[in-house]
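A.B. asks: A structural model of the following input is requested.
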Amino acid sequence: TLTIDPGVWVKFTDRIDFAIHGSIHATGDTSNTGSIRFTAVNPGLGWGHIVFDSTNTNNPASVFRHCIFEHGSAPPPIPISSPSNCGGAIGIRQYNNVVIENCLFHHNNAQHDGVYRASGGAIALWTSSPVIRNCVFSNNIANWSGAIACAFGSSPEIVNCLFYGNQSLRYTWDGGGAIIVSANSNPKLLNNTFVKNHSNFKGGALEIYDGSNPHLINNVFWGNTAPQNSQILISSGNCNVDIRYNNIEGGEAGIGPYGIGSGVYENNLEVDPSFADTLALDFQLSEGSPCIDAGTPDTTGLNLPLYDLLYNERFWDGDNDGHNIVDMGPYEYDAPLYDEIKEQKYDSPYSLLTSYPNPGTESVEIRYENEEAGMVKLIIYNQLGQPVDYLINQAQGKGMQKVTWNAYDLPSGIYYLRLQSGIQTATTKIILSK
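C.D. replies: Now for the predicted structure:
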């Protein structure tokens, strides 16, 4: 087992197959500098990708938590019949025992065709069924399927993830701006949001074909684009697709050209989801969104995480009707921090957030870094997960920022400071001692 410690940067100088024959534990921690980053010395060249290829099924599970995968670039296939050209950051073939959680995949690519078309800008799965939870996939590209390719009997669980800005490049054969599901694959797509993905051919968010029977539950498909079927494309007549409790732009009429077979289409919406601020890449739900408490009321057997993509309670009564029903998409509207935040802090693997002095008395200086210009929220919570002070709620520029928290009217105790900057989020503990 290869263990990579929190805070390590793994830098590659060339495109290689980083093959895992045993197992890997790349588990970052939740401190501000505790993420593990897989990156390239030369981003223009890229670094290749991590590969599981018929790894021994008796090996311990491989785990990636709080990792950043950037500038991965699947190398040209050698020999030409090799599938090594798929999966810009990770390729998994005939292996299931992989867990990928709380990770960011951005600016990875697969663009070198061989016998097999270059697919899966971030992840490619062949006869593999890993668990992928609470991840963000942004600005990944491939000749086909911009973010994830599920093929040859792959049935992963893809849960609580955000897909935006991913792109499928080719103008022929297949599409899938974010995901392709093909060749008898049956993934479960649960509580994800697909927005602003694009295919140059068809299936702006998702393409399904060739005997595949996926389950789509509690997702949001909105604002994706393609010349054919901008949201969901079912491109062969031998698929049975269950589509329940989703919000899909264009509704069932926009899913085609083939139908869902013997699958189920029920309790879905086709109305604007009312994202908080699309221009600022804030795809949380705003007040009054039709997606609030609109997910399936029965989550038995779905294995939903107890917290959403921002570490808020996943089961929450967002519309105050007395029923804790999960929202559509990866965010839970107006929910407090998940209870476990009281025992440990959950930081994004790509944010910087500090406070001084800590413990403090009545005034605490807070510093943080915005990786990009956009909407920023900085909120103080008490131990019950209730917001007690809103420090920032406005657009800010890129770079380091500073704000002073004046806590004169608050009692001594433990508080939690949460930063959201675009899709970045970080939470840390502040102690007041008066």
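A.B. asks: list phi and psi for residue 253.
C.D. replies: phi -60, psi -30 (degrees, to the nearest 10).
A.B. asks: give me the low-pLDDT residue ranges for the stretch 151-300 of the chain?
C.D. replies: For the stretch 151-300 of the chain, no stretch has pLDDT under 70.
A.B. asks: right, and residue 75 touches residue 12 too?
C.D. replies: No - Residue 75 is not in contact with residue 12 according to Cβ atoms under 8 Å; the separation is 11.0 Å. Every C-beta, even on glycine, is put in place using the N, C-alpha and C of the backbone.
A.B. asks: and for stretch 397-407, what's in contact with it?
C.D. replies: 355, 360, 362-373, 376, 378, 380, 389, 391-392, 415, 417, 430, 432 (Cβ atoms under 8 Å, 6 or more residues apart in numbering).
A.B. asks: same check, this time on stretch 300-317
C.D. replies: Taking Cβ under 8 Å, 6+ apart as the rule, stretch 300-317 contacts 133-134, 136, 157, 159-162, 188, 190-191, 217, 284, 293, 296, 299, 323-327, 330-341, 346, 385, 418, 420, 425, 427.
A.B. asks: so how far is the first residue of it from its last?
C.D. replies: For stretch 300-317, the first and last residues are 18 Å from each other (Cα to Cα, to the nearest Å).
A.B. asks: same question for stretch 373-392.
C.D. replies: 14 Å.
A.B. asks: what mean pLDDT does that stretch get?
C.D. replies: For stretch 373-392, the mean per-residue pLDDT is 82.
A.B. asks: gap between it and the chain center?
C.D. replies: Mean-position distance between stretch 373-392 and its chain equals 22 Å (Cα atoms, centre = their mean, to the nearest Å).
A.B. asks: picking that back up, can you list residues touching both of residue 75 and residue 12?
C.D. replies: Joint contacts of residue 75 and residue 12 (Cβ under 8 Å, 6+ apart) are residue 48.
A.B. asks: start to end distance for stretch 287-297?
C.D. replies: Counting by Cα to Cα, the terminal residues of stretch 287-297 are separated by 20 Å.
A.B. asks: ok, stretch 142-160 next?
C.D. replies: Start-to-end, stretch 142-160 (Cα to Cα) is 23 Å.
A.B. asks: now swap in stretch 141-158 and tell me
C.D. replies: 19 Å.
A.B. asks: same deal with stretch 292-301?
C.D. replies: OK, stretch 292-301 end separation, Cα to Cα: 21 Å.
A.B. asks: buried residues in it?
C.D. replies: 292, 293, 294, 295, 296, 299 (16 or more other Cβ atoms under 10 Å).
A.B. asks: ok, stretch 69-87 next?
C.D. replies: Neighbour-count burial for stretch 69-87 [16+ other Cβ under 10 Å]: 69-75, 77, 82-87.
A.B. asks: likewise stretch 245-256?
C.D. replies: Buried residues in stretch 245-256 (16+ other Cβ under 10 Å): 245, 246, 247, 248, 249, 255.
A.B. asks: what does stretch 369-386 give?
C.D. replies: 369, 370, 374, 375, 376, 377, 378, 379, 380, 381, 382, 385.
A.B. asks: now for those, which pair is the farthest apart?
C.D. replies: 374 and 382 (27.2 Å; Cβ to Cβ).
A.B. asks: hang on, the earlier thing: of the buried residues of stretch 292-301, closest to residue 39?
C.D. replies: Distances from residue 39 to the buried residues of stretch 292-301, taken by Cβ to Cβ, are shortest for residue 295, at 35.5 Å.
A.B. asks: ok, now which ones touch that closest one?
C.D. replies: 191, 217, 218, 245, 325, 326, 327, 328.
A.B. asks: the residues you listed into TSV, with extra columns for distance to residue 409 and secondary structure?
C.D. replies: Converted to TSV, the contacts of residue 295 look like this (distance: Cβ to Cβ, whole Å; DSSP: H, G, I helix; E, B strand; the rest coil):
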residue	distance to residue 409	secondary structure
191	38	coil
217	44	strand
218	40	coil
245	43	coil
325	35	coil
326	35	coil
327	33	coil
328	38	coil
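A.B. asks: now for those, which sits with the most neighbours around it?
C.D. replies: Among the contacts of residue 295, the one with the most neighbours (other Cβ atoms under 10 Å) is residue 191, at 32 neighbours.
A.B. asks: check contacts around it.
C.D. replies: Counted by Cβ under 8 Å, 6+ apart, residue 191 has contacts 159, 160, 217, 218, 219, 295, 304, 308, 326, 328, 329, 330.
A.B. asks: how about the residues you listed in a markdown table, adding distance to residue 174?
C.D. replies: Listed next are those as a markdown table, based on distance: Cβ to Cβ, whole Å:
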| residue | distance to residue 174 |
| --- | --- |
| 159 | 24 |
| 160 | 26 |
| 217 | 24 |
| 218 | 26 |
| 219 | 21 |
| 295 | 30 |
| 304 | 30 |
| 308 | 31 |
| 326 | 32 |
| 328 | 27 |
| 329 | 26 |
| 330 | 26 |
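A.B. asks: ok, which pair from the residues you listed is furthest apart?
C.D. replies: Based on Cβ to Cβ, the longest span within the contacts of residue 191 runs between 217 and 308 and measures 15.2 Å.
A.B. asks: could the buried residues of stretch 292-301 go into JSON lines alongside distance to residue 100?
C.D. replies: What follows is the buried residues of stretch 292-301, written out as JSON lines (distance: Cβ to Cβ, whole Å):
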{"residue": "292", "distance to residue 100": "28"}
{"residue": "293", "distance to residue 100": "28"}
{"residue": "294", "distance to residue 100": "27"}
{"residue": "295", "distance to residue 100": "23"}
{"residue": "296", "distance to residue 100": "24"}
{"residue": "299", "distance to residue 100": "21"}
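A.B. asks: for those residues, work out which two are farthest apart.
C.D. replies: Once Cβ to Cβ is applied, the buried residues of stretch 292-301 give 292 and 299 as the farthest pair, at 15.9 Å.
A.B. asks: great, nothing more from me.
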